[in-house]
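>>> Give me the fold of what follows.
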Amino acid sequence: MAKSNYENYTHAQLVEELKKLSKRKKYGLVWEEEKTKEKFEADAESKLPVLVEDKKREIKTDADKPTHILIEGDNYHALSVLNYTHAKSIDVIYIDPPYNTGARDWKYNNDFVEDEDAFRHSKWLSFMNNRLKLSKKLLKPKGVLICTIDENEHATLGLLLQEIFSDREIVCVTIVHNPGGIQGKNFSYCHEYAYFVHPKNGTFISKIRRDDIDPVPLRDWGKESAKRESAKNCFFPIYVKDEKVIGFGEVCLEKFHPKESNILRKDGVTEIYPIDKNGIERKWRFSRQSIEGIRDELICKRMKDELVIVRDKKDYRWKTVWTDGKYNANVYGTKLLNNIIEINFPFPKSIYAVIDCIRAVTHNKDKSTILDFFAGSGTTGHAVLELNKEDGGKRQFILCTNNENNICTEVCYPRVKKVIQGYKSTKGEKTEGLGGNLKYYKTNFVGSEPTHRNKKLLTDKSIEMLCIKENTFDEVINKKDFFIFKSKEKFTAILFNEIKINEFKDEIKKLKMPVSVYVFSLEGDDFKEEFENLKNDITLCSIPEAILKVYRRIYGAGQMKLKV
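This next block holds a predicted model:
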């Protein structure tokens, strides 16, 4: 039996713990929060995370396509960096966290969490709570979080999401991803869940196009409930000319009774009423007030000796149960991955499940930024590339994963690289690349002690962070004292040495697009007066203070030994 967390507490500690417990809320999710630090906290003790680029793994195929990001390292450290580079800038977060099955498939503080661990669920909740709170700060006001999970933590995750995202709507979708089922003690599990977390007011889930559904008659063919008297405002004429719908008449007066469904006027317009062949007055399926909203879906057809109106609906709301065979994780997850790289990776997602999750919350040809901080085998990156190919979109993915068991260097990165560049499958078949560009980074650390040396070191190590923040990766100038990078829309200029400010300004004057200027200052000076005479469209920021401000909030002033 697992030992209690309180076994080694002193009397004073137990009293203090009882006081804390008595103050806890009486309704909601309560768990035994871990007293020991997570490994990511120990790794970052008195240190702050930065990113270092692995230039050997950079991929370039097409300058007109997005540059995607892959970060190797603990996802908490990666999220910390992203809290500076992408605060309120992420459109979609899609994550597939460890499922906590108790089958030695998830580690907490470098130890596998097994089924008999009495604090198994508490450890998982602490683990997720830390990361979800950080990720919330990355979402745009209209951004959407998608989190998949199985039955082991389905209920607890739902409560945790309600606690963290109390201001948002949370919908749970069931996805049948294993039609054969996984045998449990009593049931055979064949599904998992996907939580969609989005703002409460407005429409944030797109419609799905269905080409497999035939048009249906607009005239209601029900029994008594389909007759005119059951809904009087659904009895009105639809005007048709040359077998095309051109408009709608007003609701008919009760005393008006057309003799037939089709009445041809002298001007060539046919008035069509919902009357069946037996002369019974029925109703349209839509009222006069709402019929205008589906006008583009209405088609006039000649059927035998009369004109009829049908509704050819193609765009449908997503249902909350997904059962298509394309969601089969064995066929379109495991087998697909093994066809790209010959490696044994447990339970990769069906690429189509991920594609449809992202498709549901992004629009055609958009420029959404999609973050996955449990990237695993890289299915999310693959899905984004497929969606961009499908509709010409400019979606950008940011993937974060550790390199435990070489998952990043031997699974995630090789898969993304092959999908971008093209590859010969393990069966010898050639697959054309989807195109795109990739920058590969690793998390690293600098000291948090507030010395001039550490501040300078953090600034020197911030180049990658600033390029990611501004999405400017093409190097224009590389000097010891300043750098300039660009994209197709703007420049990023970084000054490390104040003595070179005039030379730096001369270079900025030559730039014809907006410029984000970052200037190193030990005291956090804004240098506003130095740049106010320039005619460029300039955004000015002092570093490293802007970065330290974010890290103080995440890691606390105590650990950083800095005054707030």
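>>> From here on, just use CA atoms for contacts and neighbour counts.
Noted.
>>> Residue 351: neighbouring residues, count only.
Residues contacting residue 351 under the criterion other CA atoms under 10 Å number 27.
>>> whoops, residue 523 was the one
Other residues close to residue 523 by other CA under 10 Å number 12.
>>> Does it belong to a helix, a strand or coil?
coil (DSSP: H, G, I helix; E, B strand; the rest coil).
>>> so where's the stretch 451-564 of the chain uncertain?
557-564 (pLDDT under 70).
>>> and what of the stretch 101-250 of the chain?
Using pLDDT under 70, the stretch 101-250 of the chain drops low at 101-120.
>>> the strands in it, which residues?
In the stretch 101-250 of the chain, the strands defined using DSSP state E, counting those that start in this stretch lie at 103-108, 111-114, 139-149, 168-176, 182-183, 188-189, 191-199, 208-209, 216-217, 238-241, 244-248.
>>> need these in CSV with mean neighbour count, can you?
Below are the strands of the stretch 101-250 of the chain laid out as CSV (neighbours: other CA atoms under 10 Å):
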stretch, mean neighbour count
strand 103-108, 14
strand 111-114, 16
strand 139-149, 21
strand 168-176, 18
strand 182-183, 11
strand 188-189, 15
strand 191-199, 21
strand 208-209, 14
strand 216-217, 14
strand 238-241, 21
strand 244-248, 16
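>>> what's the closest of those to residue 506?
strand 139-149 (35.9 Å; CA to CA).
>>> can I get the strands of the stretch 101-250 of the chain in TSV with distance to residue 339?
What follows is the strands of the stretch 101-250 of the chain, written out as TSV (distance: least, CA to CA, whole Å):
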stretch	distance to residue 339
strand 103-108	24
strand 111-114	30
strand 139-149	24
strand 168-176	23
strand 182-183	23
strand 188-189	26
strand 191-199	24
strand 208-209	29
strand 216-217	42
strand 238-241	55
strand 244-248	50
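>>> Residue 417 is nearest to which of these?
strand 139-149 (24.8 Å).
>>> which other residues reach the closest one?
With contact meaning CA atoms under 8 Å, 6 or more residues apart in numbering, strand 139-149 is reached by 87-97, 99, 192-199, 204, 357, 361.
>>> what's the closest of the strands of the stretch 101-250 of the chain to residue 386?
The nearest among these, by CA to CA, is strand 208-209 at 16.8 Å.
>>> Which secondary structure element is home to the residue of the chain most remote from its centre?
Farthest-out residue of the chain from its mean C-alpha position, per CA atoms, centre = their mean: residue 266, at 57.2 Å. For residue 266, there is no host helix or strand (DSSP states H and E).
>>> Now it: phi and psi?
The phi/psi pair for residue 266 (degrees, to the nearest 10) reads phi -70, psi -30.
>>> Then residue 59?
According to degrees, to the nearest 10, residue 59 has phi -120, psi 130.
>>> you'd agree it is up against residue 418?
No: using CA atoms under 8 Å as the test, residue 59 is too far from residue 418 to be in contact (10.3 Å).
>>> As a check, name the ranges of all helices in the stretch 201-350 of the chain.
329, 335-340 (DSSP state H, counting those that start in this stretch).
>>> Export those helices as JSON lines, with columns for distance to residue 476.
Below are the helices of the stretch 201-350 of the chain laid out as JSON lines (distance: least, CA to CA, whole Å):
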{"stretch": "helix 329", "distance to residue 476": "45"}
{"stretch": "helix 335-340", "distance to residue 476": "36"}
